[in-house]
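Colleague: Please work out how this folds:
(chains A, B, C and D)
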Protein chains: 2
Amino acid sequence: MPQDEDKKNGRAADDVIRCLVAKIHAGEYPDGTQLPPERTLMEEYGISRTVVREAVQTLSRQGLLEARPRYRPIVRKPGYDAAISALENVVTHLLSDQKGVRNLFDTRIMIEASLVRRAARHAVKEDIAALKAALEANEAAIPDSDQFYQTDRAFHGVLYDIARNPVLPAIHSAYVTWLSPQWSRMPRLPQRNLENFEAHQRIFDAILLRDPELAEQELRDHLDSAWLQVCRTFDKAD
Amino acid sequence: MPQDEDKKNGRAADDVIRCLVAKIHAGEYPDGTQLPPERTLMEEYGISRTVVREAVQTLSRQGLLEARPRYRPIVRKPGYDAAISALENVVTHLLSDQKGVRNLFDTRIMIEASLVRRAARHAVKEDIAALKAALEANEAAIPDSDQFYQTDRAFHGVLYDIARNPVLPAIHSAYVTWLSPQWSRMPRLPQRNLENFEAHQRIFDAILLRDPELAEQELRDHLDSAWLQVCRTFDKAD
DNA sequence: ACAAATAATTTGGTCCGACCAGAAGGGACG
DNA sequence: CGTCCCTTCTGGTCGGACCAAATTATTTGT
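Modeller: Got it, this is the predicted structure:
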């Protein structure tokens, strides 16, 4: 029994959205349960199905709900992960022009800088082990193979895992997702592979040494050189 | 004359979305110009207005388009800023539960830590001046007044501005937007105001001293204490 | 001739009713 | 007990309709 929200408000579906969000936050529809069908909501709120659909669509795109293709009313995803995936979505949009890429890369540098600092200061045994494992996997992989690049990225992934904060990986993962198609245009120099690996090695060593300053410096050098690579690829495209 | 996109595809509006995005990226609708009206697009794509509206809505929510309230077909925003505002949107959703708040706050700490480091290392005259101005404005404001809190936040804002990266402020601004309504529940101790101001002062001094390590430490202390404040407010709500 | 007031048109916002195609649920039958 | 079929439910799409606001065109007043 929501108040009547069709009074004087200029917008329409936004009221429904607010109300639904409020109800969800209030725990009315626990995670994973399904909302009433559109036609029910329509009666319940005294509005047309059009508005209901708009509200549901919006919330779905934003990640709070999950509207399955056909049938299955609407299932609420564990809101949190959903928001994260929405974040990935948006970040991907951010990557539509070079300025956006630059800024996002910049953001990544800042985040990972804090990441390695934190790692150098507070990394526990398990974290070190995970980093070591990623590093060794990378070393074992054949240079220039898909597996090599995969393990290469995995190293950074572990860095994010150490923070135990799902918000950060979302940014990283969107970035990597965007980058993949561009990779085909990048020159795959085995020499560069080596550089990458050695940079990771140096970062790892700095973390082992518990030297945040050095770790950050190594990471900056590493990412700066990666950025140059991206730039060169971009320039070639122009 | 887009190819027919109504063949066998399971989805519907998604095709229109893809097509519109492609056209926009191709420069068909330059920034700031307005798209054809819904009814025109409807004919053009051979689909119902329902689908057109869904596509437009989605792109609007994602920030690529701007659907004005009434009349005015659809105007394309300078895509980049749009994506930023969408990011704010998503981040706001992230703040729906305590875990999300904690993670976002954590993210904020990491970002601002990098921020002050960068400021301590590379801040130019103008940056220092801006920080000083923000600080003095805060000092001049009457404790516990709205203006005080405004200038208080402004200090952090300048920190973000120094990075000249619009992605970061989006996160911060979403956070602040979310926090505002919670403020009414927070105890407004003049003593705490002082603490805040002094913390900012110390951060500023560290930047002046070009001491990244100290600056980061001061910032961490500052934000950690702010976090405790937030927690206490939350707990009281439970 | 120009400006202001007024009428006509355009356009998004909302609503309604209808149909389709999968999916879910319920039986009938082997 | 499992399988097949039929009904019902639900989201997806469609077309038409009306409204109100914003725009544009027209008329009017000076």
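
Colleague: can you give me the helices in chain A?
Modeller: Defined through DSSP state H, the helices belonging to chain A, from first to last, are A:13-25, A:38-45, A:49-62, A:79-94, A:98-122, A:125-140, A:146-163, A:167-183, A:190-208, A:212-237.

Colleague: Going by mean pLDDT, which of those helices comes out lowest?
Modeller: For those, the bottom mean pLDDT is recorded on helix A:79-94, which sits at a mean of 67.

Colleague: re the thing from before, mind checking the helices of chain A for the one nearest to DNA strand C?
Modeller: In this view, the helices of chain A are compared for proximity to DNA strand C by Cβ to the nearest atom of the strand, and helix A:49-62 is the closest at 3.6 Å. In this view, the C-beta of every residue, glycine as well, is placed from N, C-alpha and C.

Colleague: Just the angle for the closest one relative to helix A:38-45, thanks.
Modeller: Here helix A:49-62 points in a direction 110 degrees away from that of helix A:38-45 (axes from the mean of the first three to the mean of the last three Cα atoms, to 10 degrees).

Colleague: what sits against residue A:110?
Modeller: Shown here is residue A:110, whose contacts under the criterion Cβ atoms under 8 Å, 6 or more residues apart in numbering or on different chains are B:110, B:111, B:114, B:115, B:118, B:163, B:168.

Colleague: Could you dump those residues into TSV and include distance to residue A:203?
Modeller: Supplementary listing: the contacts of residue A:110 in TSV, determined by distance: Cβ to Cβ, whole Å:
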residue	distance to residue A:203
B:110	17
B:111	20
B:114	16
B:115	21
B:118	19
B:163	23
B:168	23
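
Colleague: possible to save the helices of chain A as JSON lines with distance to DNA strand D?
Modeller: Conversion of the helices of chain A to JSON lines gives the following (distance: least, Cβ to the nearest atom of the strand, whole Å):
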{"stretch": "helix A:13-25", "distance to DNA strand D": "13"}
{"stretch": "helix A:38-45", "distance to DNA strand D": "4"}
{"stretch": "helix A:49-62", "distance to DNA strand D": "6"}
{"stretch": "helix A:79-94", "distance to DNA strand D": "17"}
{"stretch": "helix A:98-122", "distance to DNA strand D": "30"}
{"stretch": "helix A:125-140", "distance to DNA strand D": "40"}
{"stretch": "helix A:146-163", "distance to DNA strand D": "33"}
{"stretch": "helix A:167-183", "distance to DNA strand D": "24"}
{"stretch": "helix A:190-208", "distance to DNA strand D": "43"}
{"stretch": "helix A:212-237", "distance to DNA strand D": "34"}
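
Colleague: Looking at the ones you listed, which is nearest to residue B:228?
Modeller: Counting by Cβ to Cβ, residue B:228 lies closest to helix A:98-122 out of those; the figure is 19.0 Å.

Colleague: Identify each buried residue in that closest one, please.
Modeller: A:100-120 (16 or more other Cβ atoms under 10 Å in any protein chain shown).

Colleague: next one: stretch A:55-70
Modeller: Neighbour-count burial for stretch A:55-70 flags A:55-67 (criterion: 16+ other Cβ under 10 Å).

Colleague: Residue numbers of chain A in contact with DNA strand C?
Modeller: By Cβ under 7 Å from any atom of the strand, the residues of chain A that approach DNA strand C are A:6, A:11-13, A:47-51, A:54, A:69-72.

Colleague: thinking again about what came up before, now the helices of chain A in a markdown table, with distance to residue B:196?
Modeller: Supplementary listing: these in a markdown table, determined by distance: least, Cβ to Cβ, whole Å:
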| stretch | distance to residue B:196 |
| --- | --- |
| helix A:13-25 | 29 |
| helix A:38-45 | 43 |
| helix A:49-62 | 33 |
| helix A:79-94 | 29 |
| helix A:98-122 | 22 |
| helix A:125-140 | 33 |
| helix A:146-163 | 26 |
| helix A:167-183 | 25 |
| helix A:190-208 | 33 |
| helix A:212-237 | 26 |
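
Colleague: Just the pLDDT at the residue in chain A that DNA strand C sits nearest to, thanks.
Modeller: With Cβ to the nearest atom of the strand as the measure, the residue in chain A that lies nearest DNA strand C is residue A:12; the distance is 2.0 Å. Residue A:12 is assigned a pLDDT of 76 by the prediction.

Colleague: how near is the residue most central in space within chain A to residue B:160?
Modeller: The structure's chain A has its C-alpha centroid closest to residue A:170; by Cα atoms, centre = their mean the separation is 1.3 Å. In this view, residue A:170 and residue B:160 are 20 Å apart by Cβ to Cβ, to the nearest Å.

Colleague: before we move on, back to that, the residue of chain A closest to DNA strand C contacts residue A:52, doesn't it?
Modeller: No. Counting by Cβ atoms under 8 Å, residue A:52 is not a contact partner of residue A:12; they are 10.5 Å apart.

Colleague: Comparing those two, which residue is more hemmed in?
Modeller: Using other Cβ atoms under 10 Å in any protein chain shown, the more surrounded residue of residue A:12 and residue A:52 is residue A:52, with 25 against 16.

Colleague: does residue A:132 really touch residue A:205, like I thought?
Modeller: No. No contact is recorded between residue A:132 and residue A:205 when judged using Cβ under 8 Å, the distance being 10.9 Å.

Colleague: hmm, back to that, ok, so of the contacts of residue A:110, who is nearest residue B:198?
Modeller: For the contacts of residue A:110, the minimum distance to residue B:198 (Cβ to Cβ) is 19.3 Å, reached by residue B:115.

Colleague: so the closest one touches residue B:165, yeah?
Modeller: No. In this structure residue B:115 lies outside contact range of residue B:165 using Cβ under 8 Å: 9.5 Å.

Colleague: Quick check: the gap between residue A:158 and chain B.
Modeller: Going from residue A:158 to chain B by Cβ to the nearest Cβ, to the nearest Å gives 16 Å.

Colleague: Narrow the residues of chain A next to DNA strand C to those that are buried.
Modeller: Those of those that meet the buried threshold are A:12, A:13, A:47, A:51, A:54, by 16+ other Cβ under 10 Å.

Colleague: how does chain A divide into domains?
Modeller: For chain A, whose domains are defined here by automatic domain parsing, the residue ranges read A:13-77, A:83-237.

Colleague: So for residue B:232, which of those domains sits nearest?
Modeller: domain A:13-77 (20.7 Å).

Colleague: So is the closest one next to chain B?
Modeller: Yes. Between domain A:13-77 and chain B, judged by Cβ under 8 Å from any Cβ of the partner chain, the touching residues are A:21, A:25, A:50, A:54, A:57, A:58, A:61, A:62, A:63, A:64, A:69.

Colleague: All good on my end, thank you.
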